[in-house]
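Enquirer: Whatever this is, show me its structure:
(2 chains, ligands or ions: 2)
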Amino acid sequence: MTAQSTPEPITRLIEAFNRLPGVGPKSAQRLAYHMLRVSSAEAEGLATAIINVKRRIRFCSVCLNITEHDPCGFCSDSRRDPAVLCVVEQALDILVVERTGAFRGRYHVMHGALNPIAGIGPDQLHLRELSRRVETGEVREVIMATNPNLEGEATAMYVHRLLAPMGVRVTRLARGLPSGADLEYTDDVTLARALEGRQELT
Amino acid sequence: MPERPRVYRTDALILTRGPLGEADSVFTLFSPEVGKFDAVARGVRKAQSRLRGHLEALSCVHVQLATGRTFDVITQVAPIDPFRALRDDLEKGALAQYVAEVVVHATAERHPQPELYALAMLTLSALAAGAPSHVCRYFEVHLLTLSGYDFHLDSCALCAGRLPPEGSSVAPQSGGLTCEACRGRGGPSVGVSSRAIKALRFARAQPLPEFMALRMDADLASELEAVLRLMVRQVVDREIRSARFLEQLRHLGPAPVGRIDEAQAAAEAMEAAGAPPGVH
Ligand SMILES: [Zn+2]
Ligand SMILES: [Zn+2]
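Expert: Residues are numbered from 1 along each chain as shown, chains lettered A, B, ... in the order given. Ligands and ions are numbered 1, 2, ... in the order given. Below you'll find the predicted structure:
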């Protein structure tokens, strides 16, 4: 089927789906034709859900988490320690940290990681907001929970350099072996890091 | 065009890495035999992936690929040099990314440039081994030559006349240095000191170790950087984004003593919960 023979509204929907992360032209086409088959109520439900997300969800003015109420639930929870900040690349990562149940401090969402080639520099990462939070003197430790890749590591080092003069302690997650991984299948970089961060057996 | 083999192997420098779909990554590879090309690795963002640790931007690997319709697919990988030092140091990493970005823009898809590959490897190896940042100037001077840009350093690029001994001006659009009489006739130009000109000639004529041994004060280093930035811009016809980050790094304070402490307890708790970071 050529683009010319496809009605224009469908073409537009296909294009919209195609712009979504992880959706290629084939999947976009499949999704668009699926929408033709569903009931009007279902289609409108999806459209409304998307519009509501855009209308009602905003960034927390303190930590830049996505939230319906500002400040967000973490920032307004007095039981959470304001002296320890966990800095994450994206709001989704908060859920990963929360799942451990091991963290009782607060968060800061950068909405990205340093990637100079892609044009993502320090100015794009909400670090000014982070600096301001640290400047209040309320923060004792900043934990960089960035991804263990080039961008994440560079971001952790950059923030360390940025905040260290303010007298705050900056830490990062230990680079252990991924749980369940076989030593045989572990790459040497990960293994070297695991060795560096090794602990006494008690 | 002959049909490409279904499976092939090559050495490659990983220039960039980007996410693709749920758990895949797309890489821009630079191979001496193939040139620059994109390839995907399936599931490589999952912690269990066997390919994971070796496939990182700025590392050199030996890969096996299967020819695909849109992208070739990386099926096996063995490390050649992971250039770890480039990952552990912010400045080195930023300089290496600058080199990688220039290579991305100075190359055409699937057009082998073994000499440029060798130059990029030489530069990254030197950076990883602790070479000062002016190793990038050596890279730029030779990149110009390998890109077919004839950088006139010995006579006027416009009239072939003699250059004034006390310094000159460089006009990227007209091919290099220009004499006093031709100044302004060959498009925009900037002044360049005689010692910077000597350093440029030296970089072109001498092997890297000789150039690295050159004593370079801050003024000369920044003059050479500015001149070569213009020349590279002329050749790749765009701004190199990483250059901006290098400038931002200069405004940041010096590296604090020691490495960042590791928040060991938090990481362990997260792994115990079966949620290693970076799995998304
Ligand atoms: Zn918040
Ligand atoms: Zn002239």
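Enquirer: Just the pLDDT at the residue sitting nearest the centre point of chain A, thanks.
Expert: Central residue of chain A (C-alpha atoms, centre = their mean): residue A:90, 1.3 Å from the mean position. For residue A:90, the pLDDT comes out at 91.
Enquirer: Contacts only, for it.
Expert: With contact set as C-beta atoms under 8 Å, 6 or more residues apart in numbering or on different chains, residue A:90 has these partners: A:109, A:110, A:111, A:112, B:280. (Each C-beta comes from the backbone N, C-alpha and C, glycine too.)
Enquirer: List just the nearest of these to ligand 1.
Expert: Taking C-beta to the ion as the measure, residue A:109 is the one of the contacts of residue A:90 closest to ligand 1, at 8.2 Å.
Enquirer: Looking at residue A:183 now. What's its pLDDT?
Expert: 50.
Enquirer: actually residue A:3, not the one I wrote
Expert: pLDDT, residue A:3: 48.
Enquirer: now swap in residue B:141 and tell me
Expert: Residue B:141 carries a pLDDT value of 97.
Enquirer: tell me which element it is part of?
Expert: Under the criterion of DSSP states H and E, residue B:141 resides in helix B:135-146.
Enquirer: where's the residue of the stretch 51-200 of chain B found nearest ligand 1 relative to chain A, distance?
Expert: In the stretch 51-200 of chain B, the residue that lies nearest ligand 1 is residue B:90 (28.0 Å; C-beta to the ion). Applying C-beta to the nearest C-beta, to the nearest Å, the value for residue B:90 to chain A is 5 Å.
Enquirer: I'd say that residue and residue A:162 touch.
Expert: No. Residue B:90 lies out of contact with residue A:162 (C-beta atoms under 8 Å); the separation is 10.7 Å.
Enquirer: what's the closest non-adjacent residue to the residue of the stretch 51-200 of chain B closest to ligand 1?
Expert: residue A:157 (4.5 Å; C-beta to C-beta, 6 or more residues apart in numbering or on different chains).
Enquirer: Name the SS class of the one you found, please.
Expert: Following DSSP: H, G, I helix; E, B strand; the rest coil, the label given to residue A:157 is helix.
Enquirer: ditto for residue A:82
Expert: strand.
Enquirer: thought it was touching residue A:108?
Expert: No. Counting by C-beta under 8 Å, residue A:82 stays clear of residue A:108, with 11.5 Å between them.
Enquirer: re the thing from before, and the residue of the stretch 51-200 of chain B closest to ligand 1, what does it touch?
Expert: The neighbours of residue B:90, taking C-beta under 8 Å, 6+ apart as the test, are A:154, A:157, A:158, A:161, B:249, B:255.
Enquirer: Tell me which other helices or strands the helix holding residue B:141 touches.
Expert: Contacting helix B:135-146 under the criterion 3 or more C-beta pairs under 8 Å, 6 or more residues apart in numbering or on different chains; DSSP states H and E are the following elements: helix B:90-106, helix B:114-128, helix B:194-205, helix B:208-212, helix B:218-236.
Enquirer: So for ligand 2, which of those sits nearest?
Expert: Of all the helices and strands packed on helix B:135-146, helix B:194-205 sits nearest to ligand 2, with 14.9 Å by C-beta to the ion.
Enquirer: helices or strands up against the closest one?
Expert: Applying 3+ C-beta pairs under 8 Å, 6+ apart, one finds that helix B:194-205 contacts helix B:135-146, helix B:208-212, helix B:218-236.
Enquirer: Name the residues of it that are buried.
Expert: By neighbour count on 16 or more other C-beta atoms under 10 Å in any protein chain shown, the buried set for helix B:194-205 is B:196, B:197, B:199, B:200, B:203.
Enquirer: Confirm that residue A:72 sits in a helix.
Expert: No. Counting by three-state DSSP, residue A:72 is not found in a helix; it is coil.
Enquirer: quick one: pLDDT of it?
Expert: Looking at residue A:72, the pLDDT reads 96.
Enquirer: So the closest residue to it other than its chain neighbours versus ligand 2, what's the distance?
Expert: Nearest residue to residue A:72 in three dimensions, chain neighbours excluded: residue A:60, at 3.8 Å (C-beta to C-beta, 6+ apart). Applying C-beta to the ion, to the nearest Å, the value for residue A:60 to ligand 2 is 62 Å.
Enquirer: Give me the three-state assignment for the residue nearest to residue B:168 when sequence neighbours are not counted.
Expert: The shortest distance from residue B:168 to any residue other than its chain neighbours is 4.7 Å, reached at residue B:177 (C-beta to C-beta, 6+ apart). With three-state DSSP as the basis, the three-state label of residue B:177 is strand.
Enquirer: Phi and psi next, for the residue nearest to the centre of chain A.
Expert: phi -140, psi 160 (degrees, to the nearest 10).
Enquirer: Check what pLDDT residue 94 gets.
Expert: All of this refers to chain A. Per-residue confidence (pLDDT) for residue A:94: 90.
Enquirer: not what I meant, chain B
Expert: Per-residue pLDDT puts residue B:94 at 96.
Enquirer: Residue B:168 too?
Expert: Per the predicted model, pLDDT is 88 at residue B:168.
Enquirer: Tell me, how many residues neighbour it?
Expert: Using other C-beta atoms under 10 Å in any protein chain shown, the number of residues around residue B:168 comes to 23.
Enquirer: Pretty sure it sits against residue B:197.
Expert: Yes. With contacts counted by C-beta under 8 Å, residue B:168 reaches residue B:197, the gap being 6.5 Å.
Enquirer: overlap in contacts of these two?
Expert: residue B:177.
Enquirer: before we move on, back to that, more crowded one of residue A:82 and residue A:108?
Expert: Higher neighbour count among residue A:82 and residue A:108: residue A:108, with 27 against 16, using other C-beta under 10 Å.
Enquirer: quick one: the more buried one is in a helix?
Expert: No. Assigned with three-state DSSP, residue A:108 falls outside any helix and is strand.
Enquirer: ok, it touching residue A:131?
Expert: No. Counting by C-beta under 8 Å, residue A:108 does not reach residue A:131; the two are 10.4 Å apart.
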